[in-house]
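A.B. asks: Could you work out the structure for the sequence below:
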Amino acid sequence: MPFNVSVCTLTYGERKRFLFQVVDRLLLQNFSEIYIYCNGISLSNLNDIKKKYNKENITILYSKNNQGSAGGYHELLRYINKNDNSDYVLLLDDDNLVPKNCHEIITNLKIKKNQLFSFHRSDRMLAKLVKELKKPEKIIGSANSFLGRDFFSLFKNSESTYQGDLAAVPYGGLLLSRESLETGVLPRRELYLYADDYEYTYRLISEFDFEVVFSEVFIIEDLEKSYHLKKGKRLLNNRYSHASNIQLYYSVRNNTWLGLKRKKSKTIFLSNLFICTVIFTMQFLITLKFKNIKLFIKAIKDGFLLHKKIDY
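C.D. replies: Here you go, the predicted model:
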């Protein structure tokens, strides 16, 4: 039976060179509605976007302040839930370029009511590996992991309680159903940036029994490589070696909070946190990134403070 699909994206800063490529590709297809959330961009950029995309099926939303991905997607999805009646909504980052037959492929899929689809992004190989291993929780780490690492999992074999291919997924490439939107679940504004996408989808999966299907029926091209995917000498570098201060801080803070929320054993979680902190500190020392050590530790402390403020 045919169904309607809308698509939305969130942009920020000076990223028109990516956004225009993404939206122009979407306009070649039959998406019901296209939503662009302009997250704290300049008025000049906003006017350029409005001028270029003055079309009936494009809605442009604007926030004067950058609310981060968490706040931006919170507002965007809340707006769509109230104002759009499409059966499905495809979420894209502003640098996610879909193929020209993306809409056609989606509308020919057979999707169950409890399924969410996450489409493969060419630079993101972890999700593909996790599906092949049939260990959906590995995408986010075990319940007692810190930054996805559980050094004690080597001594035990645990069966995942999750159905589907992945236990959490990013916003980019996620196909939400009308049923998932109507749960009322939204990204947590307090997280601002990083891990908010995994936390949001993890809630849909763990609390509302949605299943993620990881699909390669089409491939999404990331026009810009994420900081944590940039390569360096493995022993000397970690995922934050190429991160800005903001990227390092919010990623570590939010993952600390999420780890505290998910933990089943406080002792094992804190042990993993301690081991990771030692390893990361040594890597920062060797690469002479001394300021990163202070910021890393501050982010962990603030993650504990955030844990006291936010009810799960």
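A.B. asks: going forward, measure contacts between C-alpha atoms and count neighbours the same way
C.D. replies: Noted.
A.B. asks: Quick check: which helices or strands does the helix or strand hosting T267 pack against?
C.D. replies: T267 is part of helix 266-286, with elements assigned from DSSP states H and E. Using 3 or more C-alpha pairs under 8 Å, 6 or more residues apart in numbering; DSSP states H and E as the contact criterion, the neighbours of helix 266-286 among helices and strands are helix 245-262, helix 290-309.
A.B. asks: if we look at the longest one, which residues are touching it?
C.D. replies: Think helix 290-309. Contact partners of helix 290-309, identified using C-alpha atoms under 8 Å, 6 or more residues apart in numbering, comprise 245, 248-250, 252-257, 260-261, 277, 280-281, 284-285.
A.B. asks: List the buried residues in it.
C.D. replies: Taking 16 or more other C-alpha atoms under 10 Å as the basis for neighbour counts, the residues of helix 290-309 that come out buried are 292-293, 295-297, 299-300, 302-304, 306-307.
A.B. asks: about what we covered before: dump the helices and strands packed on helix 266-286 to TSV, plus mean pLDDT.
C.D. replies: Formatted as TSV, the entries for those read as follows, by pLDDT from 0 to 100:
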stretch	mean pLDDT
helix 245-262	96
helix 290-309	95
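A.B. asks: Which one of the ones you listed lies nearest to L76?
C.D. replies: Each of the helices and strands packed on helix 266-286 was scored for nearness to L76 using C-alpha to C-alpha, and the closest is helix 245-262 (21.1 Å).
A.B. asks: Over to I34: give its phi and psi.
C.D. replies: I34 adopts backbone torsions of phi -120, psi 130, taken as degrees, to the nearest 10.
A.B. asks: check contacts around it.
C.D. replies: 6-8, 57-59.
A.B. asks: per-residue confidence at it?
C.D. replies: Among the per-residue scores, I34 shows a pLDDT of 98.
A.B. asks: What segments of this structure are helices?
C.D. replies: Counting by DSSP state H, the chain has these helices, from start to end: 16-27, 43-52, 68-83, 102-107, 126-133, 178-181, 196-208, 245-262, 266-286, 290-309.
A.B. asks: coming back round to it: list the buried residues for the helix holding T267?
C.D. replies: So helix 266-286, judged by 16+ other C-alpha under 10 Å, has buried residues 268-273, 276-277, 280-284.
A.B. asks: gap between it and the chain center?
C.D. replies: 24 Å (C-alpha atoms, centre = their mean, to the nearest Å).
A.B. asks: and the angle for it with helix 245-262?
C.D. replies: Counting by axes from the mean of the first three to the mean of the last three C-alpha atoms, to 10 degrees, helix 266-286 points 160 degrees away from the direction of helix 245-262.
A.B. asks: now helix 266-286: mean pLDDT?
C.D. replies: Averaging pLDDT along helix 266-286 yields 95.
A.B. asks: Please identify the buried residues of the helix-or-strand element of the chain with minimal mean pLDDT?
C.D. replies: The helix or strand of the chain with the poorest confidence is helix 126-133; it has a mean of 93 (mean pLDDT, DSSP states H and E). Residues of helix 126-133 classed as buried: 127-128, 130-131 (neighbour count, 16+ other C-alpha under 10 Å).
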